[in-house]
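Asks: need the 3D shape of this:
(2 chains)
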Amino acid sequence: MNWETVIGLETHVELATKSKIFCACTTAFGGAPNTHCCPVCTGMPGALPVLNGKVVEYAVRAAMALGCTVTRYSRFDRKNYFYPDLPKAYQISQLYLPIGRDGTVEAGGRTVGIHELHMEEDAGKLIHDPWTEQTKIDYNRCGVPLIEIVTEPGFRTAEEVVSYLEWLRETLQYLGVSDCKMQEGSLRCDVNLSVRPAGSDTLGTRTELKNLSSFKAIRRAIGYEARRQIERLEAGGRVVQETRRWDENKDASYPMRSKEDAQDYRYFPEPDLPPLELSEAYIQALRASQPELAAAKRARYQAVWGLGSYDAEMLTSQKALARFFEETVALGAEPKQAANWLMGPVLAQLSAHGLEARDMALTPPTLARLIQLVKEGRLNRNTAVRVCEAVFETDGDADAYVAAHGLAQVSDAGLVAQVVEQVLSANEKSVADYRSGKEKAFGFLVGQVMRQLRGQAAPAVVRQVLLEQLAEQ
Amino acid sequence: MELYELTALELAGQLRAGAVTQAEAIAAAAGRIAACQPGNNAFITVADSPAPAPALSASPLAGVPMAYKDNLCTRGMRTTCASKILGDFTPCYDATAVERLTAAGAVSMGKLNLDEFAMGSTCETSCYGPAKNPWDLTRSPGGSSGGAAAAVAAGEVWYAIGSDTGGSIRQPAAHCGVTGMKPTYGSVSRYGLVAYASSLDQLGPIARSAADCAAVLELIRGRDPRDATSLDLPAGGLLCALTGDVRGRRIGLPAECFGGALEPEVAAAVRAAAGVLRARGAVVEECSLPLLDYAVPAYYILACAEASSNLARFDGVKYGWRAEGCGSLEELYRRTRTEGFGPEVKKRILLGTFVLSADCYDSYYKKALQARARLKAAFDAVFQRYDLLLTPVAPTTAPRLGEGLADPLSLYLSDIYTVPANLAGLPALSMPCGFDRSGLPIGAQLIGPALGDLAVLDAAHAYQQETDWHRRHPDTPAAAKGGDAL
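Replies: Sure thing, here's the model as predicted:
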């Protein structure tokens, strides 16, 4: 039988606000345990939540980018369950009236339906100490703002899932609402998966996969779970509705809890927070100030600056890179030159230093200056690349570096002529070879001249002077 | 006249005039507490050395000794909610009301007894033993702010801050012959009040007189950035606005509040109070407040639902009581909560958990929300025609200790006159209006429309211009005599 896999995603994204969703504590990652908390986020008796307006703004921006209807009158609800990482024993979330609903996005060439987008708070972190047999709790993450984005069950393959997630990550980064670092847990994804005979229009029993910490894990887990369900059904068994935990080391998933032990979360409206009413003016103001997203930038780079689609794709692959590019161009660099520099030496340096564009010290003015020096013939390109490498880590002064290391390009034809004369008299055999038609000898002679000039000569000048002198002799 | 017989405003006046020093006032309070506490158990924690106000500021109550119900967080002083589960939990923060009163020169004498987590109406569910009624120590002071009402009635402090979720300020005030006010929901920040039922809880004063209540309320009310449900109210504006003039005020007596289990003596005293207001020029007439029968069931569903969630944080993990020797997380939760909570609290947590469960949410919780909305609408309608309502506070005077808990259903039903104001978020005040034949105080309740706090206080102030019920004091324990006479 042919089987069809049906997948829906629940993605938790940490919002990049400076403070937590219901108190003023910092959201900074790391920090000594329990140093980023207060009576509110540790659920002390009598403490009350107060909604951070920036969280609402970011959630609304995300909802708009996902094509959702923004709920004008939304509300928070309490999700009640006991666990030591949840100090109030309830999570403030949105069940009944989420901030965004019924969206659609175009990702990876497909339309993906967004069921809803809601705001909620993160929980703390349990750290088990095997030496003392104790479990310790770090509440620093408690109250870090999250949005949960729930798709319709519209995916059929792992590739579709990953392209959607890549689109989502890129979009949220461009919006500036999240840094979406999977390794730091600021983008986490649960996969709901079921299988059914191809052509059927009823859904099979689904399982939920958790602990997927990379795109690779998501691909592997989807493949594994689809096979597992199909094998079970083909063997005459049935799929049990349950939550399964993906074990990346064992490349397999294991049951965590079944539907029978599913908790009753006893949701009810959060009485400590008044309903959230958004005015039309507020929504319009956010809509009007939405940042330009990656797809729009790609189109603009091609249409306005004549870049190829590959260049546009590369430059927009990181928001910070695109911003760097635009600022460099704004400083007068020719767009194609700026693109080549970024995609060549700059990306090479980033990768050599294991950095992302946003962490780079180098600034657009420095790169723009290097491009200008090459354009003016004052540095040759290879030297300029060396200067770029030298100043990359500190954003040093390119001109000062060039002066200090005597790297300015020799364009003085008189000086070049002197050197050429010396080289020709010292390499008579090569001159003879050249005369007898061996083209390779010319390259050798160019190389010798460049060596004498420590690579600082303008190649065009060297070639021209060489040709002139060879013709004279 | 003894110092303790003064109202809070009178004492403040003496302090400002230099007739009494702060040290004398504090010593008088400490002396009364030492004398009364063994009998009435009004305090859970008595301050070792109460901090005097740094300066007798312009604040109308600066330097006056007072105390807080022990469900308000006080920095550095244990906050127990009268529950074993909180143990010696000592907050590292003050409730906003505490912070504001401290800034206004209040002198805290300590923390007052209550029903465990404010759940109860007799003060008998306290794990520190019940507070007792100063008018008759074999009787309950009412609850849940029983310690607060008892302490003010006994003259141990000049005023107290209580909390009122379904009548917890007003009913003990009535049973102890003092004045207590539950302001409009949102008037007073709940930050630092250990929540029982968040959508119903409201802090308010218990004092001798309506004027005292006005003076306290204007110090604590108004917007607090730490409580999203707090209202933006103008500062002050209550005490100076009291006129005692009720001429032309339309006051309704809801017929539904004068039948059923209401004791005839209570009914008569409340009707007599209506007569006093009429004599001062108010237009008093019978009216109808439909849907009253739904108030108690709706209240217990909503209050218990919220309580089941609010009290879930007491799990033995972070502070307070923790069961020892548990082998698993589930056992830690189960045993900590089994050992730490008393029976009334457990009952309400179970009830609340039940009504929020997936199968019951629609038929209980949602229905109760609908009943609440309709009750609010009924109040809106009646306040189209009346400025205020006058009702009893409780069907009876103070019950004997042990009497109430024996019949829990009728105990819950005795909240009938007080819970509607909480469900609708309205301001309501309880004022002494007489005594029954056993010499126990009777209270009358004034209810106003939302934000009508001043009208409520002013009508009570008018009543207290004509009567002296609020100036009566229970017999004083022998040991307390000989306090500083004026």
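Asks: which residue is nearest the middle of chain B?
Replies: For chain B, the residue lying nearest the average C-alpha position, counting by C-alpha atoms, centre = their mean, turns out to be residue B:169 (1.6 Å).
Asks: for the helix or strand of chain B with the lowest mean pLDDT, name the packing helices and strands.
Replies: Here the helix or strand of chain B ranked lowest by mean pLDDT, DSSP states H and E is helix B:408-413, holding a mean of 83. If contacts are counted by 3 or more C-beta pairs under 8 Å, 6 or more residues apart in numbering or on different chains; DSSP states H and E, helix B:408-413 sits against helix B:292-310. From N, CA and C alone the C-beta is placed, and that goes for glycine too.
Asks: let's see that with 10 Å instead.
Replies: The contact analysis (3 or more C-beta pairs under 10 Å, 6 or more residues apart in numbering or on different chains; DSSP states H and E) places helix B:408-413 against helix B:292-310, helix B:343-356.
Asks: and the contacts of that helix?
Replies: Residues outside helix B:408-413 that contact it (C-beta atoms under 10 Å, 6 or more residues apart in numbering or on different chains) are B:120-122, B:124, B:143, B:166, B:260-261, B:293, B:296-297, B:299-300, B:344, B:347, B:395-396, B:399, B:403-405, B:407, B:419.
Asks: still on that earlier bit, what residues are up against the residue nearest to the centre of chain B?
Replies: Contacts of residue B:169 (C-beta under 10 Å, 6+ apart): B:69, B:142, B:144-145, B:148-149, B:160-163, B:179-183, B:202-206, B:213, B:418, B:428-430.
Asks: hmm, try it at 7 Å
Replies: Neighbour list for residue B:169: B:145, B:162, B:163, B:180, B:181, B:182, B:204, B:206 [criterion: C-beta atoms under 7 Å, 6 or more residues apart in numbering or on different chains].
Asks: just residue A:31 next, same as before
Replies: By C-beta under 7 Å, 6+ apart, the contact set of residue A:31 is residue A:140.
Asks: ok, now the one 5 residues further on?
Replies: With contacts defined as C-beta under 7 Å, 6+ apart, the neighbours of residue A:36 are A:25, A:26, A:28, A:140.
Asks: and the gap between it and chain B?
Replies: Distance, residue A:36 to chain B, using C-beta to the nearest C-beta, to the nearest Å: 16 Å.
Asks: contact residues of chain A facing chain B?
Replies: A:39, A:43-46, A:48, A:50-51, A:78, A:80, A:82, A:84, A:87-90, A:264, A:266, A:268, A:271-274 (C-beta under 7 Å from any C-beta of the partner chain).
Asks: what's the ChimeraX line that selects buried ones from the contacts of residue B:169?
Replies: Of the contacts of residue B:169, the buried ones can be selected in ChimeraX as follows, counting by 16 or more other C-beta atoms under 10 Å in any protein chain shown:
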select /B:145,162,163,180,181,182,204,206
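Asks: relative to chain A, which of the contacts of residue B:169 is nearest.
Replies: residue B:163 (10.7 Å; C-beta to the nearest C-beta).
Asks: can you tell me the SS state at the closest one?
Replies: Assigned with DSSP: H, G, I helix; E, B strand; the rest coil, residue B:163 falls in the strand class.
Asks: so it touches residue B:203, yeah?
Replies: Yes - Residue B:163 lies in contact with residue B:203 (C-beta atoms under 7 Å); the separation is 5.3 Å.
Asks: what residue in chain A comes nearest to chain B?
Replies: For chain A, C-beta to the nearest C-beta, closest residue to chain B: residue A:89, 3.3 Å.
Asks: quick one: residues contacting the nearest residue to that residue once chain neighbours are set aside.
Replies: Distances taken as C-beta to C-beta, 6 or more residues apart in numbering or on different chains place residue B:312 nearest to residue A:89, at 3.3 Å, with adjacent residues excluded. Going by C-beta under 7 Å, 6+ apart, residue B:312 touches A:80, A:82, A:89, A:90.
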